[in-house]
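# Following is a predicted model, sequence given first.
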Amino acid sequence: MEPTPKPESPALLARMYQLFRDYFDRAEKKRRWSIREDIPWDKCNRSLDPAVADVVQTFCMVELFLPDYLSKLIPQVRANRGRAWMLANWGYEECKHSMALGDWLLKSGHRSDEQMADMESTLFQEEWDLPYDNARAMVCYTMVQELATWLHYKNLLKIIGDDGDPALYQVLHLVSMDERAHYDFFKRMVQLYLEDDRPGTLEQLRRVMNTFKMPAVHLIVDGKQRAQVVQEMRIFDYDIFFEQVFLPIMASLKVDKSELRRKSVREVMVVGTEG
Ligand SMILES: [Fe+2]
Ligand SMILES: [Fe+2]
């Protein structure tokens, strides 16, 4: 059984709340955008490659599981104001992503109202569950997932280019800026945990890095086929994960690969009883 991470001290909780306040102030000042005002909706390209619209739909579907993400993540951190308030703010930012992507699918004519309604009703027959059982692992997971998500949007942006569809280009640009800011916040959070309890945090980071999967893809109708398209278009695959997610995160956290090797059972138990 995996060791249970030690609870946060009052000093650590205070640093986490401060981290959220700094993030929030910056977001209010520099990163708020409007779906209605900031996207050139009259410049949707109706003849864009339908494969791109399929990928946009996949991303929209992953974003649509937001009620599951929030309802399962918040109870883990309700006594941690920095993390809980971040989830409230994160939820606000994430809800714009599925709305903006869904609006593009409709306004570009790539999907009808009926198709969108069908998609939503089948989607919620499935339910996303937490991939890890504790809040420390989940902050590591969210950090990795946000950088991976940023890459998904950035690589799709490169494929369409700024003259392929100016409306979609702007949607992807604004959404990817949010995803990058999310990654940065959760990485700083993981850094605080590492400073506070390096072995306990590395144990959770090891679990996440060894088993990482994008959220909800397996819950989506034709999920495998959709993931295949994302790989074929070189938007995301294992090599991209390793080179552009795993390695940069390890470098940024100043964690060496050798520190993530599985320890012997004896060592794990010693680490587990330290806290
Ligand atoms: Fe998002
Ligand atoms: Fe995000």
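Looks like it arrived, so ask away. Ligands and ions are numbered 1, 2, ... in the order given.
# all contacts plus neighbour counts: C-alpha atoms, from now on.
Will do.
# just checking, Leu101 touches Cys60?
Yes. Between Leu101 and Cys60 a contact is recorded at 5.8 Å, counting by Cα atoms under 8 Å.
# more crowded one of these two?
Leu101 (24 against 18; other Cα atoms under 10 Å).
# ranges for the helices of the stretch 51-200 of the chain?
In the stretch 51-200 of the chain, the segments counted as helices under DSSP state H, counting those that start in this stretch are 66-76, 81-107, 113-123, 135-164, 166-196, 198-211.
# So which of those helices is nearest Ala227?
helix 135-164 (11.4 Å; Cα to Cα).
# Averaged pLDDT, that closest one. What do you get?
Taken as a whole, helix 135-164 has an average pLDDT of 95.
# Let me know the pLDDT of Ala79.
At Ala79, pLDDT is 95.
# From Met16, how far out is it?
Distance, Ala79 to Met16, using Cα to Cα, to the nearest Å: 12 Å.
# With neighbour numbers in mind, choose between the two.
With neighbours defined as other Cα under 10 Å, Ala79 and Met16 compare such that Met16 has more, 22 against 12.
# Quick check: closest non-adjacent residue to that one.
Nearest residue to Met16 in three dimensions, chain neighbours excluded: Gly82, at 5.0 Å (Cα to Cα, 6 or more residues apart in numbering).
# gap between the one you found and Asn134?
17 Å.
# Looking at the helices of the stretch 51-200 of the chain, spot the one closest to Asp42.
Taking Cα to Cα, helix 166-196 is the member of the helices of the stretch 51-200 of the chain nearest to Asp42, at 7.5 Å.
# what ranges of this structure fall below the confidence cut-off?
Where the chain drops to pLDDT under 70, the residues are 1-3, 262-275.
# ok, for the residue most central in space within it, nearest residue in space, not its chain neighbours?
Per Cα atoms, centre = their mean, the C-alpha nearest to the average position across the chain is that of Glu146, at 3.2 Å. The spatially closest residue to Glu146, leaving aside those adjacent along the chain, is Tyr183, at 4.9 Å (Cα to Cα, 6+ apart).
# ditto for Leu156
Using Cα to Cα, 6+ apart, the nearest residue to Leu156 is Ile235, at 6.2 Å.
# which residues touch that neighbour?
By Cα atoms under 8 Å, 6 or more residues apart in numbering, the contact list for Ile235 reads 151-152, 155-156.
# these two touch, right, Tyr153 and Ser176?
Yes. Taking Cα under 8 Å as the definition, Tyr153 is a contact partner of Ser176 at 5.8 Å.
# In three-state terms, label the closest residue to Asn155 other than its chain neighbours for me.
Among residues not flanking Asn155 along the chain, Ile235 sits closest, at 5.2 Å (Cα to Cα, 6+ apart). Three-state call for Ile235 (DSSP: H, G, I helix; E, B strand; the rest coil): coil.
# Next, give phi and psi for Ile235.
Torsion angles at Ile235 (phi, psi; degrees, to the nearest 10) stand at phi -80, psi -40.
# Buried residues, stretch 204-211. List them.
Residues of stretch 204-211 classed as buried by neighbour count (16 or more other Cα atoms under 10 Å): 204-209.
# Then stretch 178-196?
Using 16+ other Cα under 10 Å as the test for burial, stretch 178-196 gives 178-194, 196.
# CA atoms only: put that stretch into CSV for me.
Extracted C-alpha coordinates of stretch 178-196, given in CSV (Å, rounded to 0.1, in the frame of the first residue of the first chain):
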residue,chain,number,x,y,z
ASP,A,178,-5.0,29.8,-19.3
GLU,A,179,-3.7,26.3,-19.4
ARG,A,180,-0.1,27.5,-19.1
ALA,A,181,-1.0,29.7,-16.1
HIS,A,182,-2.7,26.7,-14.5
TYR,A,183,0.4,24.6,-15.0
ASP,A,184,2.6,27.3,-13.5
PHE,A,185,0.4,27.6,-10.4
PHE,A,186,0.2,23.8,-9.8
LYS,A,187,4.0,23.5,-10.3
ARG,A,188,4.6,26.2,-7.7
MET,A,189,2.2,24.3,-5.4
VAL,A,190,4.2,21.0,-5.9
GLN,A,191,7.4,23.0,-5.2
LEU,A,192,6.0,24.0,-1.8
TYR,A,193,5.2,20.4,-1.0
LEU,A,194,8.7,19.3,-2.1
GLU,A,195,10.3,22.0,0.2
ASP,A,196,8.1,20.8,3.0
